[in-house]
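Asker: Starting from these lines, generate the structure:
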Amino acid sequence: MSNVIAIAGKELRSYFASPIAYIVVGLFALVFGYFYIVMVNFFVMQSMQSAMGGGGAMNVNRDLIHYVLQNVAVVVLFLMPLITMRTYSEEKRTGTIELLLTSPVSDLQIIMGKFLGAMALYGLMLAVTLIHIALIFVYGRPEWKPIASGYLGLLLMGGCFVSVGLFFSSLTKNQIVAAVLTFVVLLLLWVIDWMTNFAPSGVASLLNYLSITSHLDDFAKGIVDTKHVVYYLSFITFGLFLTSRAVDSERWRG
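Answerer: Next comes the predicted model:
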């Protein structure tokens with residue numbers, strides 16, 4: 001376990017040793033802040049119109065925070081490939097992959113260390129959003145349980161993104177290629193449920209289950225369903241397994 005933690009710490013430090021961590025976190029904070037302001041203004045306008053029209057009071061969790069958390073997922077889709085593109089590609093480009101593979105650590109320890117290092121940076125990105133959520137608590141009375149489950153869903157979904165990024169980064173020494181392949185696959189998994197309207201019922205159910213975002217919706221509503229947890233954990237495990245196979249083949253070629 002100490003080797004995994006050491007590798008994760010090295011990965012996290014390497015992000016901040018280059019401009020990538022500052023650029024990604026800065027862009028994330030900027031884009032999310034914009035979406036946050038837009039959503040809050042829209043919520044306030046809708047609340048005023050509802051009050052003037054004699055309608056019922058709007059729910060902060062359902063009508064604001066739910067959409068705020070969904071916006072986090074959209075921003076992460078575009079930025080996560082920038083985090084994972086260098087995990088193995090940079091090692092291959094600089095030639096340090098041989099030293100890493102011949103070091104007294106297992107492939108599993110290396111993969112888990114890189115995975116946790118990327119997840120630590122992702123966790124820092126999510127921590128930025130807590131400032132905005134805290135402001136909602138200052139001026140409103142949201143329920144904390146749906147927020148906690150929503151962040152759990154975002155962490156699990158981010159783990160899926162990282163596992164896909166690790167796999168494609170392990171296949172090439174070109175970081176741009178790794179980022180593009182990661183984005184294309186994640187985008188495909190994002191929009192795959194759009195085809196459910198044109199597919200037979202059995203196929204539609206499968207496509208909806210494979211969609212990486214359809215499982216996030218319940219988390220944002222405060223529902224922690226075992227089905228969704230199993231999906232995300234299975235996805236992460238499969239992605240890391242593919243990465244281990246790719247790294248193992250690299251070892252044999254070396």
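Asker: switch to C-alpha atoms for all contacts and neighbour counts from now on
Answerer: Will do.
Asker: start to end distance for stretch 161-180?
Answerer: 13 Å (Cα to Cα, to the nearest Å).
Asker: Quick one: mean pLDDT over that stretch.
Answerer: Average pLDDT, stretch 161-180: 91.
Asker: cool, and stretch 27-37?
Answerer: For stretch 27-37, the mean per-residue pLDDT is 91.
Asker: what do you get for stretch 237-248?
Answerer: 89.
Asker: So what touches it?
Answerer: Identification of contacts with stretch 237-248 by Cα atoms under 8 Å, 6 or more residues apart in numbering yields 107-108, 111, 160, 163-164, 166-168, 170-171.
Asker: The same query, at a cut-off of 6 Å, please.
Answerer: Residues outside stretch 237-248 that contact it (Cα atoms under 6 Å, 6 or more residues apart in numbering): 163-164, 167.
Asker: Buried residues in it, which are they?
Answerer: Neighbour-count burial for stretch 237-248, counted by 16 or more other Cα atoms under 10 Å, picks out 238-244, 246-247.
Asker: circling back to that earlier point, which of the contacts of stretch 237-248 count as buried?
Answerer: Buried among the contacts of stretch 237-248 by 16+ other Cα under 10 Å: 163-164, 167.
Asker: Now go through those and say which are in helices.
Answerer: Among the buried ones among the contacts of stretch 237-248, the members falling in helices are 163-164, 167 (criterion: DSSP state H).
Asker: Output the buried residues of stretch 237-248 in JSON lines; the columns should cover secondary structure and distance to Pro146.
Answerer: Listed next are the buried residues of stretch 237-248 as JSON lines, based on DSSP: H, G, I helix; E, B strand; the rest coil; distance: Cα to Cα, whole Å:
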{"residue": "Phe238", "secondary structure": "helix", "distance to Pro146": "28"}
{"residue": "Gly239", "secondary structure": "helix", "distance to Pro146": "28"}
{"residue": "Leu240", "secondary structure": "helix", "distance to Pro146": "29"}
{"residue": "Phe241", "secondary structure": "helix", "distance to Pro146": "32"}
{"residue": "Leu242", "secondary structure": "helix", "distance to Pro146": "33"}
{"residue": "Thr243", "secondary structure": "helix", "distance to Pro146": "33"}
{"residue": "Ser244", "secondary structure": "helix", "distance to Pro146": "35"}
{"residue": "Ala246", "secondary structure": "helix", "distance to Pro146": "38"}
{"residue": "Val247", "secondary structure": "helix", "distance to Pro146": "39"}
